[in-house]
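quick one: sequence plus predicted model below, questions after.
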Amino acid sequence: MTSVTPETVLAMYETALTIRRFEQRAIEQYRVGNIRGYLHPYLGEEGIATGSIAALEPSDYIVSTHRGHGHAIAKGHEPRRMMAELFGKETGYCHGRGGSMHVASRSVRNLGANGIVAGGLGIADGAALSIKQRGGSEVVVAFCSDGSSANGMWHESLNLAAIWDLPVIFVLENNQYAVSTPIRDSARIEHLSDRAAGYGMPGVTVDGNDAVLVYETMQEPLRRARAGEGPSLIECMTFRHGGHHVNDPGTYLPADQLAYWKGHDPLIVLRDRLAASGVGEAAIAEVDERVERVMDEAVEFATASPNPSLEEFLAEVAS
Amino acid sequence: MTSVTPETVLAMYETALTIRRFEQRAIEQYRVGNIRGYLHPYLGEEGIATGSIAALEPSDYIVSTHRGHGHAIAKGHEPRRMMAELFGKETGYCHGRGGSMHVASRSVRNLGANGIVAGGLGIADGAALSIKQRGGSEVVVAFCSDGSSANGMWHESLNLAAIWDLPVIFVLENNQYAVSTPIRDSARIEHLSDRAAGYGMPGVTVDGNDAVLVYETMQEPLRRARAGEGPSLIECMTFRHGGHHVNDPGTYLPADQLAYWKGHDPLIVLRDRLAASGVGEAAIAEVDERVERVMDEAVEFATASPNPSLEEFLAEVAS
Amino acid sequence: MKYREALRAALDEEMDRDPAVFVVGEGIGERGGSYKVTEGLLAKFGPNRVIDTPLSEAGFVGLGVGAAIVGQRPVVEMLFIDFLLLAGDQVINQAAKYRFMSGGEGRVPLVIRTQGGTGNSLAGQHSQSLEALYYHIPGLKVVMPSTPKDAKGLLKSAIRDDDPVIFIEHKQLYMTDGEVPEEDYLIPLGEAEVKRAGSDVTLVAWSHMTLKSLQAAEELAAEGVNVEVIDLRTISPMDIGCVLDSVRRTGRLVIAQEAVKRGGVGSDIAAMVAEQAWDSLRAPILRIAGKNTVIPFNLALEKAAVPQVADIVAGVRSVVGAPART
Amino acid sequence: MKYREALRAALDEEMDRDPAVFVVGEGIGERGGSYKVTEGLLAKFGPNRVIDTPLSEAGFVGLGVGAAIVGQRPVVEMLFIDFLLLAGDQVINQAAKYRFMSGGEGRVPLVIRTQGGTGNSLAGQHSQSLEALYYHIPGLKVVMPSTPKDAKGLLKSAIRDDDPVIFIEHKQLYMTDGEVPEEDYLIPLGEAEVKRAGSDVTLVAWSHMTLKSLQAAEELAAEGVNVEVIDLRTISPMDIGCVLDSVRRTGRLVIAQEAVKRGGVGSDIAAMVAEQAWDSLRAPILRIAGKNTVIPFNLALEKAAVPQVADIVAGVRSVVGAPART
Ligand SMILES: Cc1ncc(C[n+]2csc(CCOP(=O)(O)OP(=O)(O)O)c2C)c(N)n1
Ligand SMILES: Cc1ncc(C[n+]2csc(CCOP(=O)(O)OP(=O)(O)O)c2C)c(N)n1
Ligand SMILES: [Mg+2]
Ligand SMILES: [Mg+2]
């Protein structure tokens, strides 16, 4: 266990809050018709991306999911260019061609969100293999979900990483539902992390809503990976604050469970951590204000940005 | 543990010997050009199909593999029509259209061999689901291989069977090699049966070259399945007596390992079991003779049989 | 009745009629499916015949194949045709080939219901038109209805068919309305329908493109161009005879498809007609199709990637205007 | 030099030239691959660049995609094109779309080497010709060389290409012999080659069918029929210009493909030529192709399922004999 400095906790708080507010703003913009398509909010799960990515170096890679805004922001994507992508604008990370489910950027080593559940896990292995081939010490964090664990790609990717000692950390975000299907209907085991043993890799289950705990839990897997000792699986328990996507009311989520997890909100947990590490309200208020400014600016930027050029697109695809 | 009667042991011996001699005859026929394509001998692995299928009722189903002659013969396919199929003759089980990798028959409830490793496991789940839907008590034995355990289909099929309590028994034939790749290079665990825990199903590893032990090991999984308590995984350790297919010299197989397993030949083990249960040489000799006759007849039948009608085929596919 | 309601009625009636029919897919039970096609079926038929699955696409398609082989009539719902690629082996190597490889003894009465197409800004992995992939595979039938009436009658026929059928719906059709007969009826697989009679040019389409083609025909009628619109309804087996008859009368053929032009079904139609109605053709065959691109997220780009009514109108005009060869 | 040796030489040279190039697949190391293409590479380049994988087709194709995205140049060997269906999502939804969906920033310099075709009595799941499936997908290039020289030059170009390339070999070609230049050379993707010049009729083929077409041309020459044989070599991007030029001279086109006719690449060629060389065509375009069947195990049936030299000869005769339209 590393001791986490107050600065680190405050930085995590800022990351988590940025994700929270980004999602809330994105939903607002969706409601007024500025954003279309699928939008899968990370609301309630911020602790995982925040804690796990805070433990990384900028040179480390991540592979994201369909619920990927949190991963991207934590890895350093600019909220304004993220928002612009959600708007489908030319200034977005994918020049409006990818949208929410395909945000990616070399600049921050985010290998990409994915519209196919588990579809990015092989990509994570491949990036990790190339690190190994080049003798590098970077790590790939592969975010995946409870639903993905039922998919063959999840199995193949964990096994390949294990047999080749690839520097991958599989961070499984167990929000306990795949759309309306509870994980207990998709797996007959208590902890998905128990599957790690079947690949001969360490697996652990932790509270994903405690960013600091996630951060600390990352340390040993990171050491292992950088030392060439192979992959690990970290299952982070969490829960959505709402529907599967912006148009899903999510009424199937049990009220009591939802209430419990909303009470155990990652931001509440972080505020307690801040208090415990003696960070004052003033410093927190400063962060709160900065985040608001960044969000205002992000929405303005996205709104003011031009659409992609139709002519350019038609030229690209001529034939 | 059920006590196995001498009659049962003798019947298993006949099955195992039939498989052994069938494969040897098929290889002879391949060498002289009467059989073409891929032919994956079951030589050395006879104990598994023999013991597991001896424990079944005729109404139970099996799903087979690319190395499927043993499963088919044990389930009751006629050697002559099997041989005819390998010859590509009209009298074969698939009228010469399928060949060695696609032998199947409703009559004995063999849902089919498969050219795609792990490709039949979903089919096994589906047959099991329909048994459950109809309230039947039949069981599906899904044969699979060490190589198949690295495939996503293996994972998905075991998990679906587990969550729905399907009456499937996954019999994993671990001959320790996938062509020239040793299983230790494909899995970082001691026993593949340890993966069963990840699906919440019982898993066990046994000596696959001891047909009687395999037969006994089947009893509890069969009870579970028939009682609607769900699937099980039985890993049966074994080893090929030669190459992956008839044209593979298999020189990569370690000599000492090969020697050990040849000494632990399923037929030798069965002969010891026969001796132990007091079955006399006369009874055994009778079986040996009968098997030879059946094999002679099978080769004669296949040789004398007509090829499929080209006209009929062209009519079928007209368009 | 709405297209999605017609599909639901077909499932409901067939499940009533035959206990071997069941549905399986992601979120099709309590939730009623992403497009609400299976709504209410769980309550009526119970969890034994309306089954929610995990995200194991290859697994549950394989499950459908196996259940079908032993006599059930599974209707597997694949949320997006894009995801059917995860079960490519099960569809193409298993379902499509089992009958032939077993020497004709084995049958696979499996229906895979799925949907494709653009229009909802779902980007590259949720908007494809991939019918050509399955059209090319011996052993598969491919159905792509454009109206509620066809959807119901064809789905019922697909369920009763003894071979695997890929039943492809379209995102933009679920909420469309149309007349659906009161009485029980079937529409046979492999029969095209002339959705609008005409004499100047034959316009062939299927699925959502049929609706766009009919709109185009309306506009062209105003210009005095008399377009015959044929809806293939089933693309495999294809009712090419219906197309040939029409072309022999009109002498001109335009094909409108949402899928990418290269290697699309339209190319096959063009090749067959050019081969078999050679002497009747008075102008080159025109294929109006999707552009050579991944479907973009941005709405305007997405629209530009696939044929719109205006593109069809312009295309037909150019063919009708072309100097006739006699 | 044999076809398989030419492929090996290409891999060897590119791995020497660029440390980012590596090969991964089933049994390609010590064993040298089922068709012995990678023999000797493990000894020379070591296990870090010559990697044996378990039977995790989707996994190791995905691995190739990921390695390519971060700058490696993986050459993934898929034993049979039939098995590539297990990685359909990785090829079509991931590799093919990454560049576009990332707004052009991401590139996937991945080569998937695989092989297809009939001739070895391997039955339905090991004998398919599935190039049409990948030909239809924007973002993929598809190469199908017929000679050792082309195989080497095209594989080297494929490895240096920054987009995913499906490189399809043929079972019957590995042991074929041919001249291969001593010096280092490349053959650009997307260039067809006139393998035999002629004036009476254009015969288009690719992969193994090119060899059968050249034999057919020989036989026809004896009858005084002068056949121009074009080997597409790359089917996507396709050098349709080469075909059009030829047809404009000969006025007649025959296409020979091993794949099933329905929805095959040949239909696309026919449609393009009928559209763009309409006035030059003096007879209907003939497509000679595989029958509408799963490939049978029995040798005689297998032969009957795909075009043989005699079928091509007969087909070309019928087209040349057809009354010319002027
Ligand atoms: C392979 C695949 N199957 C199905 C879908 C449709 N889909 C998108 S998200 C989702 C639920 C995923 O649940 P989970 O994997 O737990 O991730 P979560 O949404 O809870 O973060 C489904 C079924 C998909 N995108 N990809
Ligand atoms: C999905 C798939 N991948 C690869 C192959 C080619 N292949 C056929 S058998 C085989 C080895 C299989 O080894 P294993 O699964 O252990 O079965 P065994 O041959 O040892 O019985 C391979 C790689 C195949 N048929 N299917
Ligand atoms: Mg979830
Ligand atoms: Mg094995």
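Perfect, thanks for sending it. Ligands and ions are numbered 1, 2, ... in the order given.

low-confidence bits of the chain, can you list those?
Using chain A. Under the criterion pLDDT under 70, the flagged ranges of chain A are A:1-2, A:319.

the chain in question should be chain C.
Residues of chain C that meet the cut-off, pLDDT under 70, sit at C:322-326.

now the helices: where do they sit in it?
C:3-17, C:41-45, C:57-69, C:88, C:98-101, C:131-135, C:148-160, C:208-222, C:240-250, C:265-276, C:299-305, C:309-321 (DSSP state H).

likewise the stretch 151-300 of chain A?
With DSSP state H, counting those that start in this stretch, the ranges of helices along the stretch 151-300 of chain A come out as A:152-163, A:211-226, A:255-263, A:266-276, A:281-304.

could you dump the helices of chain C to TSV with distance to D:Ile112 and mean neighbour count?
Where C-beta positions appear, they are placed from N, C-alpha and C, glycine not excepted. Formatted as TSV, the helices of chain C follow (distance: least, CB to CB, whole Å; neighbours: other CB atoms under 10 Å in any protein chain shown):
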stretch	distance to D:Ile112	mean neighbour count
helix C:3-17	37	21
helix C:41-45	41	16
helix C:57-69	19	31
helix C:88	14	26
helix C:98-101	26	26
helix C:131-135	17	27
helix C:148-160	34	25
helix C:208-222	32	21
helix C:240-250	34	19
helix C:265-276	24	25
helix C:299-305	26	19
helix C:309-321	34	18
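
of all those helices, which one is nearest D:Gly59?
helix C:57-69 (12.8 Å; CB to CB).

quick one: the closest one near ligand 2?
No - Helix C:57-69 lies apart from ligand 2 when judged by CB under 6 Å from any ligand atom; the minimum separation is 11.0 Å.

count of residues packed around A:Ile284?
By other CB atoms under 10 Å in any protein chain shown, 18 other residues sit near A:Ile284.

how close does the residue nearest the centre of chain C sit to chain D?
Centroid-nearest residue in chain C, with CA atoms, centre = their mean: C:Met144, separated by 1.5 Å. Distance of C:Met144 to chain D, given as CB to the nearest CB, to the nearest Å: 14 Å.

for that residue, give me its contacts.
The contact partners of C:Met144, taken as CB atoms under 8 Å, 6 or more residues apart in numbering or on different chains, are C:Glu131, C:Ile168, C:Glu169, C:His170, C:Trp206, C:Ser207, C:Leu232, C:Arg233, C:Thr234, C:Ile235.

my guess is the third one contacts C:Ser146, does it?
To tie it back to what came earlier, the one meant is C:Glu169. No - C:Glu169 is beyond contact range of C:Ser146, at 9.9 Å (criterion: CB atoms under 8 Å).

shared neighbours, these two?
By CB under 8 Å, 6+ apart, the residues touching both C:Glu169 and C:Ser146 are C:Ser207.

isn't A:Cys144 up against A:Trp154?
Yes - under the criterion of CB under 8 Å, A:Cys144 makes contact with A:Trp154 at 6.4 Å.

still on that earlier bit, please report how far the nearest residue to the residue nearest to the centre of chain C once chain neighbours are set aside lies from chain B.
Nearest residue to C:Met144 in three dimensions, chain neighbours excluded: C:Ser207, at 4.1 Å (CB to CB, 6 or more residues apart in numbering or on different chains). Distance of C:Ser207 to chain B, computed by CB to the nearest CB: 23 Å.

can you check C:Val76 too?
Where chain B is concerned, C:Val76 sits at a distance of 10 Å (CB to the nearest CB).

could I get the phi/psi values of C:Leu117?
No, residue C:117 isn't Leu; it's Gly. phi 100, psi 170 (degrees, to the nearest 10).

contact partners for residue 125?
Picking chain A for this. Taking CB under 8 Å, 6+ apart as the test, what A:Asp125 contacts is A:Val140, A:Ala142, A:Ser157, A:Leu160, A:Ala161, A:Leu166, A:Val168, D:Gly59, D:Gly62, D:Leu63, D:Gly66.

not quite, go with chain C.
Contacts of C:Gln125 by CB under 8 Å, 6+ apart are A:Met101, A:His102, A:Asn114, A:Gly115, A:Ile116, A:Gly119, C:Phe80, C:Asp82, D:Asn93, D:Lys97, D:Met101.

burial of the first one, as a residue count?
Spelled out, it's A:Met101. Neighbours of A:Met101 using other CB under 10 Å come to 26.

you'd agree it is up against A:Asn114?
Yes - applying CB under 8 Å, one finds A:Met101 in contact with A:Asn114, separated by 7.0 Å.

what is in contact with these two at once?
Contacts common to A:Met101 and A:Asn114, judged by CB under 8 Å, 6+ apart, are A:His66, A:Gly68, C:Gln125.

what about stretch C:276-290, near chain D?
Yes - if you take CB under 8 Å from any CB of the partner chain as the test, stretch C:276-290 does meet chain D, through C:Trp278, C:Pro284, C:Ile285, C:Leu286, C:Arg287.

before we move on, back to that, and the shared contacts of A:Met101 and A:Asn114 as JSON lines, adding distance to B:Ala304?
Output for those, formatted as JSON lines (distance: CB to CB, whole Å):
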{"residue": "A:His66", "distance to B:Ala304": "61"}
{"residue": "A:Gly68", "distance to B:Ala304": "66"}
{"residue": "C:Gln125", "distance to B:Ala304": "56"}
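
go through these and name the one nearest A:Glu57.
Distances from A:Glu57 to those, taken by CB to CB, are shortest for A:Gly68, at 20.1 Å.

find the closest residue to ligand 2 in the stretch 201-319 of chain A.
Going by CB to the nearest ligand atom, ligand 2 is nearest to A:Met201 of the stretch 201-319 of chain A, at 21.9 Å.

surely that residue meets A:Gly230?
Yes - counting by CB under 8 Å, A:Gly230 is a contact partner of A:Met201 at 6.2 Å.
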